[in-house]
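In: The following comprises the amino acid sequence and a computationally predicted model.
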Amino acid sequence: MNLSLAFSPCPNDTFIFDALVNKKIDTCGINFQVHMHDVEQLNKKSLTQDYDITKLSFNAYSLCYKKYIILDSGAALGENCGPLLIKNPSTIIKQNSVVAIPGKYTTANMLFRMAYPKMNNTKEYLFSDIQEKVLNNDVDAGLIIHENRFTYHDKGLEKVVDLGDFWASKTSLPLPLGGIMVSRDLDLSTQRKINSLINLSIKYAFENPSSSLGYTKFHCQEIDDDVIASHIKLYVNKYSLSLGDIGRKSIKVLLSNLDLETSNIFL
């Protein structure tokens, strides 16, 4: 069986999928055809159901929930950490300030709009370009995600707010950023097999932490080993192995802000 699998080149995703796509575990006869894209590209491609299995922002999921169901394994949930709003130290943030965002379908953008509902002057950029746009004063502030949260301070930028803290103060729940979704067109036994394989791939990565380093470093934006390790530690956690009751509740609470019916969204 051939199935298309799409995820981002960021360390948490390559760490999770290394054992699966590089056949370090038995894939039970499934050949995964891998596609890598920036998270916002993944979000956009989900609208036309380009892939059988895909990483998605939970914000984007609200637009394609009839096509995909959320797997129990592979998600990225943060505890008191999330997208960061950053700026130059001399910049004063105002209601009409121009803010760079990593895509309108990202969960980061959704959280920003929840936290700052009156700040609507945003510009979309590739997530890895946002720090430079802030440094060059092309924008007043930037919303950064992924491994950039570990490098902005070294470039002289400062944090305005961690939207993970904002979320935690409102809900006392972990922050659901993205998950792995599988096409509803696939039969239930195949969906369950995919979930089990992703779970096994994560367990293999935890048990053999150096095994995925070459694959991860080849694909990620930041090549510093400490940055890679910090990124993985932050976003590949117990909720990645299994959402559990708390993880599922946090996703339902997030999606309820988008008026999404959540009775049939989990495998």
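Out: In hand now; what should we look at? All values reported here derive from a predicted model rather than from experimental measurement.
In: Could you use CA atoms for every contact and neighbour count after this?
Out: Noted.
In: can you map out the strands along the chain?
Out: Remark: strands assigned in the chain by DSSP state E are 2-7, 31-36, 53-57, 68-70, 76-78, 84-87, 99-101, 122-124, 141-144, 158-162, 175-183.
In: Deepest in the core, which of these is it.
Out: Among the strands of the chain, strand 141-144 has the highest mean neighbour count (mean count of other CA atoms under 10 Å), at a mean of 29.
In: what comes into contact with it?
Out: Contacting residues not belonging to strand 141-144 are listed as 83-88, 93, 97-102, 108-109, 127, 130-131, 133-134 [CA atoms under 8 Å, 6 or more residues apart in numbering].
In: now it, how far from the centre of its chain.
Out: With CA atoms, centre = their mean, to the nearest Å as the basis, strand 141-144 stands 16 Å off its chain's centre.
In: strand partners of that strand, parallel vs antiparallel please.
Out: Paired strands of strand 141-144, with direction, are strand 84-87 (antiparallel), strand 99-101 (parallel) (DSSP bridges).
In: of the ones you listed, which approaches Ser172 most closely?
Out: Nearest to Ser172 among the strands paired with strand 141-144 is strand 84-87 (18.3 Å), distances taken as CA to CA.
In: Alpha carbons of the closest one, as CSV, please.
Out: The C-alpha trace of strand 84-87 is given here as CSV (Å, rounded to 0.1, in the frame of the first residue of the first chain):
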residue,chain,number,x,y,z
LEU,A,84,6.4,34.4,20.6
LEU,A,85,5.6,37.9,19.7
ILE,A,86,9.0,39.7,19.4
LYS,A,87,10.3,43.2,18.5
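In: My guess is Glu79 contacts Pro174. True?
Out: Yes. Using CA atoms under 8 Å, Glu79 is in contact with Pro174, at 4.7 Å.
In: hang on, the earlier thing: just put the strands paired with strand 141-144 in JSON lines and tack on mean pLDDT and distance to Ser240.
Out: Below are these laid out as JSON lines (pLDDT from 0 to 100; distance: least, CA to CA, whole Å):
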{"stretch": "strand 84-87", "mean pLDDT": "98", "distance to Ser240": "21"}
{"stretch": "strand 99-101", "mean pLDDT": "98", "distance to Ser240": "25"}
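In: Could you chop the protein up by domain?
Out: As assigned by automatic domain parsing, the chain contains the domains 2-77+175-256, 84-171.
In: what would the ones you listed look like in TSV with distance to Ile265?
Out: Formatted as TSV, the domains of the chain follow (distance: least, CA to CA, whole Å):
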stretch	distance to Ile265
domain 2-77+175-256	5
domain 84-171	17
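In: how about those, which one is nearest Leu267?
Out: Proximity to Leu267, assessed across those by CA to CA, is greatest for domain 2-77+175-256 (5.5 Å).
In: measure that closest one end to end?
Out: 35 Å (CA to CA, to the nearest Å).
In: now that domain: how far from the chain's centre is it?
Out: Put simply, domain 2-77+175-256 sits 9 Å off its chain's centre (CA atoms, centre = their mean).
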